[in-house]
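Give the three-dimensional model of this entry:
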Amino acid sequence: MYVGVDLGSRTIKIAAWQDGRMVGHNLQESGFEPHEQAREMITAYNPKQVVATGYGRHLAREHFADGVITEIKAHGMGIHAMLPQATTVVDIGGQDSKVITLNGNGQVTNFQMNDKCAAGTGRFLEIMATSLAYPLGDFGPAALASEQEIQINSMCTVFAESEVISMKNRGIPRQHIARAVHSSVADRIIAMLGRVGFAEFIAFSGGVANNPCIVQMVRTRLENVQVVVPENPSIIGALGAALEAARKDGQA
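The predicted structure is shown next:
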């Protein structure tokens, strides 16, 4: 059995690969010592090889992993395994967002990455949800229920939060503000796609792919393009790492 570990900024994801298929996965919120938490999570699988990806991948290699793989390559491999027809990947994680293009073999040909600020990331959505007093799981559905089109001008988290507070103080209903926040993130994704280029089949990965409003807004903005969310999009990076572990051992 081969295990991939994705040590992200907010969560730890595990995927196990055996005999040409994924046989298990797990996701937990990151604790104070994520490498120790990850090591405990993988013990149930008794893996032959472990490959790590994500922000904490080098820490994992110091303590238990047999190798590491970049997030770009991991998400490309994971998506290709689940949706081989996809040649563009949108990955929005806790602290960064990426657009990745793949060839027909699932190899990365180009990418665009936003990792300099929280704008357009899961962290940005978390901060805005908190400002509007929404549990994170309710934020997307609340925004989706609004049909009011208003605009947030700044994508800097600090300034955007100031805009949100100003809107609240003007009496704008919070679901309309929530929609404006989601719209600003969707616009940023579209801009990144435009810089990298995209085909007619786009796959979403990462935790923000579970947000129905973001997915719907991207679909609306991209006419004649199929935007697909795979099952368990949060563990795509871990799956790619597990595939790399199997590949290194000649099993994938």
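
Extract the C-alpha set from stretch 202-218 and format it as PDB.
Extracted C-alpha coordinates of stretch 202-218, given in PDB (Å, rounded to 0.1, in the frame of the first residue of the first chain):
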ATOM      1  CA  ILE A 202     -11.700  22.300 -16.100                       C
ATOM      2  CA  ALA A 203     -11.400  20.300 -12.900                       C
ATOM      3  CA  PHE A 204     -11.600  21.900  -9.400                       C
ATOM      4  CA  SER A 205      -9.500  20.600  -6.500                       C
ATOM      5  CA  GLY A 206      -8.800  21.800  -3.000                       C
ATOM      6  CA  GLY A 207     -11.100  22.600  -0.100                       C
ATOM      7  CA  VAL A 208     -12.800  25.700  -1.700                       C
ATOM      8  CA  ALA A 209     -14.100  23.300  -4.400                       C
ATOM      9  CA  ASN A 210     -16.700  22.300  -1.800                       C
ATOM     10  CA  ASN A 211     -18.100  25.900  -1.900                       C
ATOM     11  CA  PRO A 212     -21.100  25.700  -4.200                       C
ATOM     12  CA  CYS A 213     -21.200  29.400  -4.900                       C
ATOM     13  CA  ILE A 214     -17.600  29.700  -6.100                       C
ATOM     14  CA  VAL A 215     -18.100  26.700  -8.400                       C
ATOM     15  CA  GLN A 216     -21.400  28.100  -9.700                       C
ATOM     16  CA  MET A 217     -20.000  31.500 -10.400                       C
ATOM     17  CA  VAL A 218     -17.000  30.100 -12.300                       C
END
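
Return the distance of that stretch from the chain's centre.
The chain centroid and the centroid of stretch 202-218 are separated by 9 Å under C-alpha atoms, centre = their mean, to the nearest Å.

Of all the residues in it, which ones are buried?
Across stretch 202-218, burial judged by 16 or more other C-beta atoms under 10 Å covers 202-211, 213-218. Bear in mind the C-beta positions are built from the backbone N, C-alpha and C, glycine included.

Report the mean per-residue pLDDT for it.
For stretch 202-218, the mean per-residue pLDDT is 94.

Repeat that for stretch 31-45.
For stretch 31-45, the mean pLDDT works out to 90.
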